[in-house]
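> give me coordinates for this.
(one chain, ligands or ions: 1)
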Amino acid sequence: MSDSTLSDSLFARAKELIPGGVNSPVRAFRSVGGAPFFTKSAQGATLTTADGKELIDFVCTWGPAIHGHNHPRIKAAIAAALEHGTSFGTPNPYEVEMAELITRFVPSIKKVRMTSSGTEATMSAIRLARGFTKRDKIIKFSGCYHGHSDSLLIKAGSGALTHGHPDSAGIPASFARETVVLPYNDRAALDAAFAANPGQIAGVIIEPFCGNVGFIMPDAGYLAYLREITAQHGTVLIFDEVMTGFRIAKGGVQEREAIVPDLTCLGKIIGGGLPVGAFGGRADIMDMLAPLGPVYQAGTLSGNPLAMAAGIASLRLLEELNPYARLDTLGRQLVSAVADACKAKGIAVQTPQCGSMFSFFFTDTPVRDYDTALKGDAQLFARVFRTALEGGVYLAPSAYEAGFISTAHEGPAIDRACEVLTGAIRGL
Ligand code: PMP
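So this is what the prediction gives:
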């Protein structure tokens, strides 16, 4: 950004001391060009950069900010909890309330354990599936991102894909052999994998709606088939709803699609903007965890009172407001504005959207898996990204990320964003 002198000097200092200048690679702008801006504050639908520029934010801190940034109710809940201390290292009352809320929102979760990140949730769910079934292999799908643990950083989406390392270095081949990677939305590939590994698949982990290679929805019946085949083989079905939980519906994709997974991973929205993850599901599986069972999993800050207070406030707001129809209206408004502008300009685009998650893939091929997502023109995306940013709209800085909308986008923010994005497309 031309006026981001303070951001530029912060970035120069950061690059000296922090690899790539960022503490999470998705924040880098390498694939869209230019340097990332630094944010000094965030309120509602808006980020304010270190240089004072206001941006309508469709990253929403990568998913958590469904109520917009710095919501007064969440802020007040954190402030109230802070009066009592920041961490106790013993059980605390918030954890019980959080477990009650999660199990009420997501009925397939009978028991739940809190973590401090989504990565810990998925890593622990995989270990639990292995411990429960006494099998080693797992299935994941190309383009799905489940955090950065060794078993799962294979054909991964998100920053791993954006920066050209979907198979991370540093993972022993012997670990990678235990992960079977299949194309998303491909029933025949599932049949073949179960046939080739009889009695060996501990778990299947999937983003039921994929948000980490852009946004992709499953074909009709695909998730039901996955439920059926995993049940047949005694394999634990793990829904990674770190992004989609509480966002696609109050009870996540599993509520919308009426599928009951064995385990579910959660994160983002349940932290209300503080660091939280969780995994839960069938009681017989969860009771394999220490201290009851032999599968070890732990965390110094798990169930942290400030994070629980923020998450509880965020979930209670969802319960009160039931914002899903409103969010879907905003999502439709945004993608139809982009689709119409592309049509007028003769640019091919796919605009998958459900509720407050969306993507723009610049291709005429319908996007239903990793390979078709990669057909999207990333250069064209980068041009739209940069023009939108100049105009005050911040999309995720990668052609392979989903966008997120919050309730705070309702009204002037979404209208202005549509104007800026259609202008950016008209000017291509
Ligand atoms: N699973 C999914 C589906 C995610 O989108 C993410 C993060 N974007 C993770 C797991 C990992 O969560 P975290 O970054 O909190 O470790």
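> how about the strands in the chain?
Here the chain has its strands, by DSSP state E, at 39-43, 46-49, 54-57, 111-115, 137-141, 179-182, 201-206, 236-240, 263-267, 277-281, 353-354, 357-358, 393-394, 403-404.
> residue 151 touches residue 125, doesn't it?
No. Contact criterion Cβ atoms under 8 Å: residue 151 and residue 125 do not qualify, at 10.7 Å. Every residue, glycine included, has its C-beta placed from N, CA and C.
> comparing those two, which shows the higher neighbour count?
Using other Cβ atoms under 10 Å as the criterion, residue 151 and residue 125 rank with residue 125 on top: 32 against 22.
> how near is the more buried one to the ligand?
Noted for residue 125: a distance of 10 Å to the ligand, by Cβ to the nearest ligand atom, to the nearest Å.
> check contacts around that residue.
203, 205, 238, 263, 265, 279 (Cβ atoms under 8 Å, 6 or more residues apart in numbering).
> mind redoing it with 6 Å?
Neighbour list for residue 125: 238, 263, 265, 279 [criterion: Cβ atoms under 6 Å, 6 or more residues apart in numbering].
> ok, it to residue 145 distance?
15 Å (Cβ to Cβ, to the nearest Å).
> pick out the residue nearest the middle of the chain.
In the chain, the residue lying closest to the centroid (Cα atoms, centre = their mean) is residue 243, at 3.1 Å.
> for that one, give me its contacts.
Contacts of residue 243 (Cβ under 6 Å, 6+ apart): 63, 211.
> grab the nearest non-local neighbour of residue 76.
residue 313 (7.6 Å; Cβ to Cβ, 6 or more residues apart in numbering).
> OK, contacts around that neighbour?
73-74, 77, 272.
> repeat the analysis, applying 8 Å as the threshold.
Residue 313 makes contacts with 71, 73-74, 76-78, 272, as judged by Cβ under 8 Å, 6+ apart.
> for the closest residue to the ligand within the stretch 101-250 of the chain, give me the pLDDT.
Nearest to the ligand, among the residues of the stretch 101-250 of the chain, is residue 118, at 2.3 Å (Cβ to the nearest ligand atom). Per-residue confidence at residue 118 stands at 98 (pLDDT).
> and for residue 370?
pLDDT, residue 370: 96.
> and the stretch 1-150 of the chain, which of its residues are near the ligand?
Contact residues, the stretch 1-150 of the chain versus the ligand (Cβ under 6 Å from any ligand atom): 62, 117-119, 122, 145-147.
> try it again at 5 Å.
117-119, 146-147 (Cβ under 5 Å from any ligand atom).
> count of neighbours near whatever residue of the stretch 251-400 of the chain ends up closest to the ligand?
Nearest to the ligand in the stretch 251-400 of the chain, going by Cβ to the nearest ligand atom, is residue 267, at a distance of 4.7 Å. Using other Cβ under 10 Å, residue 267 is surrounded by 28 other residues.
> can you check residue 382 too?
18.
> you'd agree it is up against residue 34?
No. The criterion here is Cβ under 8 Å, and residue 382 misses it with residue 34 at 9.4 Å.
> got a list of what residue 326 touches?
Counted by Cβ under 8 Å, 6+ apart, residue 326 has contacts 407, 410.
> equivalent analysis for residue 255, please.
Per Cβ under 8 Å, 6+ apart, neighbours of residue 255: 106, 249.
> output the lowest mean pLDDT helix or strand found in the protein.
helix 158-162 (a mean of 90; mean pLDDT, DSSP states H and E).
> in the stretch 101-250 of the chain, which spans are helices?
Secondary structure of the stretch 101-250 of the chain, counting by DSSP state H, counting those that start in this stretch: helices at 118-133, 158-162, 173-176, 187-196, 222-232.
> per-residue pLDDT, residue 390?
97.
> mind putting the residues of the stretch 1-150 of the chain next to the ligand in JSON lines, distance to residue 347 included?
Converted to JSON lines, those look like this (distance: Cβ to Cβ, whole Å):
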{"residue": "117", "distance to residue 347": "38"}
{"residue": "118", "distance to residue 347": "34"}
{"residue": "119", "distance to residue 347": "36"}
{"residue": "146", "distance to residue 347": "33"}
{"residue": "147", "distance to residue 347": "34"}
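> export the residues you listed as a markdown table, with columns for distance to residue 358 and neighbour count.
What follows is those, written out as a markdown table (distance: Cβ to Cβ, whole Å; neighbours: other Cβ atoms under 10 Å):
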| residue | distance to residue 358 | neighbour count |
| --- | --- | --- |
| 117 | 25 | 18 |
| 118 | 20 | 30 |
| 119 | 24 | 20 |
| 146 | 21 | 28 |
| 147 | 22 | 20 |
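> now flag whichever of these is closest to residue 393.
Residue 393 lies nearest to residue 118 out of those, by Cβ to Cβ, at 26.2 Å.
> can you tell me the closest non-neighbouring residue to the closest one?
Closest to residue 118 by Cβ to Cβ, 6+ apart is residue 267, at 3.3 Å.
> OK, contacts around that neighbour?
Contacts of residue 267 (Cβ under 8 Å, 6+ apart): 117-118, 121, 242-243, 245, 276-278.
> follow-up on the earlier one: mind putting the strands of the chain into CSV with mean pLDDT?
Shown next, in CSV, are those (pLDDT from 0 to 100):
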stretch, mean pLDDT
strand 39-43, 98
strand 46-49, 98
strand 54-57, 98
strand 111-115, 98
strand 137-141, 98
strand 179-182, 97
strand 201-206, 98
strand 236-240, 99
strand 263-267, 99
strand 277-281, 98
strand 353-354, 98
strand 357-358, 98
strand 393-394, 98
strand 403-404, 98
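> now those strands as CSV including distance to residue 228?
Converted to CSV, the strands of the chain look like this (distance: least, Cβ to Cβ, whole Å):
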stretch, distance to residue 228
strand 39-43, 43
strand 46-49, 44
strand 54-57, 40
strand 111-115, 24
strand 137-141, 14
strand 179-182, 16
strand 201-206, 12
strand 236-240, 10
strand 263-267, 17
strand 277-281, 18
strand 353-354, 23
strand 357-358, 26
strand 393-394, 41
strand 403-404, 31
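> between the ones you listed, which gets nearest to residue 341?
Using Cβ to Cβ, the nearest of the strands of the chain to residue 341 is strand 393-394, at 13.3 Å.
> and that closest one, what does it pack onto?
The helices and strands touching strand 393-394, judged by 3 or more Cβ pairs under 8 Å, 6 or more residues apart in numbering; DSSP states H and E, are strand 54-57, helix 412-426.
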